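A.B. asks: how would this look folded up:
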Amino acid sequence: MHKIYTLLLFSILSFTTFAGGEGWMTNFEEAKKKATSENKSLLVDFTGSDWCGWCIRLKEEVFDKKEFADFAKDKFVLVELDFPSKKKQDPAIKAQNAELGKKYRVQGYPTILLMDSKGRPFAKTGYQAGGPPAYNKHLTELLSSGQKIAQNLEAASKLNGSNKAKALVATLKLFPEELLIHYTAEMNEIKKLDPKDSTGFVKEMMLKEDLKKLQSSVAQTARGGDQEKALKMVDDFIADNKLSGESKQQAIMAKLNCYDPRKPGALEIADALMDEVIAIDAQSETGKYASSIKDRISEMKKQQK
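C.D. replies: Below you'll find the predicted structure:
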């Protein structure tokens, strides 16, 4: 009897861990242990398996193909974190996925994060057309970048003082900005080793965090009905921080939160704001984004006619 219960328990645990499909795990902590023991990276798929069109396409066009499975088996521990609409889900897995979605700030699906065995992401991607050949090549490039980052972090760990701080700064700059939140230990060490911030990295990171807070505060103030105060918050922020270049562009973008595009004249004001951003630097990432917004505004104007 005990043997039967043992076999049944093993079957349940196996289903819970690998319910995401053949070769895919759903228990994140177990996946990290496996990645550690096998010296592999994690490929984590945040998906909406029964409602997200691009998620379904990615699974059918890439993840379900033998060519992908053969490519991935020696490189990744595959993890599916599903956020279904109708599909029944184990309560523990549902709770785990909700917590991880919040931790990794997932805002759209599919979101694919490549992580080290500790669960620290070093690359982010999503749907890519072209099937397994194109996707495998894309992942190979991202994995190569992650390996370089790991090597640099290892090399930096052997240094001391300002040299270590500079090496850590150079390494963190290889990351997509949105992933740096998962490397607070390294950032805190930079502050400790370089209290005068000779690289300017700490100041740069603090400004970016303040810009995010500005966006939120401006939006909240505008929603509360005080548009004039919200606009002044942006102007004061630019003046107080003596902003220029792309930092100034990003601050100006916050003013978009002050206008409801459905109201008369709002699109014209937004269009003028984008011209102001582009005039600072049309070739910066924010300048190019402003150009794309102008195109969308143009389409919205046509639809209103």
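A.B. asks: any low-confidence regions in this structure?
C.D. replies: Along the chain, the model assigns pLDDT under 70 to residues 1-21, 305.
A.B. asks: any idea which element Asn122 lies in?
C.D. replies: No Asn there; residue 122 is Phe. Phe122 belongs to strand 121-125 when assigned by DSSP states H and E.
A.B. asks: which residues are contacting that strand?
C.D. replies: Strand 121-125 is contacted from outside by 44, 104, 111-116, 138-139, 142-143, 145-146, 149-150, 175-176, 178-179, 182, using CB atoms under 8 Å, 6 or more residues apart in numbering. All C-beta spots, glycine's among them, are computed from the backbone N, C-alpha and C.
A.B. asks: Okay, and which of the residues you listed map to helices?
C.D. replies: With DSSP state H as the criterion, helices contain His138, Leu139, Leu142, Leu143, Ser145, Gly146, Ile149, Ala150 from among these.
A.B. asks: The third one - nearest residue in space that isn't next to it in sequence?
C.D. replies: When the adjacent residues along the chain are set aside, Leu142 lies closest to Ala123, with 4.0 Å between them (CB to CB, 6 or more residues apart in numbering).
A.B. asks: Could you report the neighbour count for that neighbour?
C.D. replies: The tally of other residues near Ala123 (other CB atoms under 10 Å) stands at 22.
A.B. asks: related to what we said a few turns ago, buried subset of the ones in helices among the contacts of strand 121-125?
C.D. replies: In the ones in helices among the contacts of strand 121-125, burial by neighbour count holds for His138, Leu139, Leu142, Leu143, Ser145, Gly146, Ile149, counting by 16 or more other CB atoms under 10 Å.
A.B. asks: My guess is the last one contacts Leu168. True?
C.D. replies: No. Under the criterion of CB atoms under 8 Å, Ile149 makes no contact with Leu168, lying 11.1 Å away.
A.B. asks: quick one: what helix or strand has Leu42 in it?
C.D. replies: Mapping Leu42 onto the secondary structure by DSSP H and E places it in strand 41-47.
A.B. asks: ok, and what's touching that strand?
C.D. replies: Applying CB under 8 Å, 6+ apart, the external contacts of strand 41-47 come out as 20, 24, 28, 31-32, 35, 55, 58-59, 63, 72, 75-83, 100-101, 104, 106, 109-117, 119, 121, 139, 143, 146.
A.B. asks: Only the buried subset of these, as a ChimeraX command please.
C.D. replies: Once 16+ other CB under 10 Å is used to decide burial, the buried members of the contacts of strand 41-47 can be selected in ChimeraX as follows:
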select :20,24,28,31,32,35,55,58,59,63,72,76,77,78,79,80,81,82,83,100,101,104,106,109,110,111,112,113,114,115,116,117,119,121,139,143,146
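A.B. asks: could you pull out the helices for this protein?
C.D. replies: Listed in chain order (using DSSP H), the helices of the chain are 2-18, 28-38, 53-58, 66-72, 91-103, 131-156, 161-172, 184-193, 201-223, 227-240, 245-253, 266-280, 285-304.
A.B. asks: possible to save those helices as JSON lines with distance to Asp260?
C.D. replies: Converted to JSON lines, those look like this (distance: least, CB to CB, whole Å):
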{"stretch": "helix 2-18", "distance to Asp260": "46"}
{"stretch": "helix 28-38", "distance to Asp260": "40"}
{"stretch": "helix 53-58", "distance to Asp260": "29"}
{"stretch": "helix 66-72", "distance to Asp260": "44"}
{"stretch": "helix 91-103", "distance to Asp260": "29"}
{"stretch": "helix 131-156", "distance to Asp260": "39"}
{"stretch": "helix 161-172", "distance to Asp260": "38"}
{"stretch": "helix 184-193", "distance to Asp260": "37"}
{"stretch": "helix 201-223", "distance to Asp260": "9"}
{"stretch": "helix 227-240", "distance to Asp260": "10"}
{"stretch": "helix 245-253", "distance to Asp260": "16"}
{"stretch": "helix 266-280", "distance to Asp260": "6"}
{"stretch": "helix 285-304", "distance to Asp260": "12"}
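A.B. asks: Tell me which of the ones you listed lies nearest to Tyr259.
C.D. replies: Closest of these to Tyr259 is helix 266-280, at 4.3 Å (criterion: CB to CB).
A.B. asks: and the angle for the closest one with helix 285-304?
C.D. replies: Between helix 266-280 and helix 285-304, the angle formed by their directions is 150 degrees, by axes from the mean of the first three to the mean of the last three CA atoms, to 10 degrees.
A.B. asks: buried stuff in helix 266-280?
C.D. replies: Along helix 266-280, the positions that meet the burial threshold by neighbour count (16+ other CB under 10 Å) are Ala266, Leu267, Ala270, Asp271, Leu273, Met274, Val277, Ile278, Ile280.
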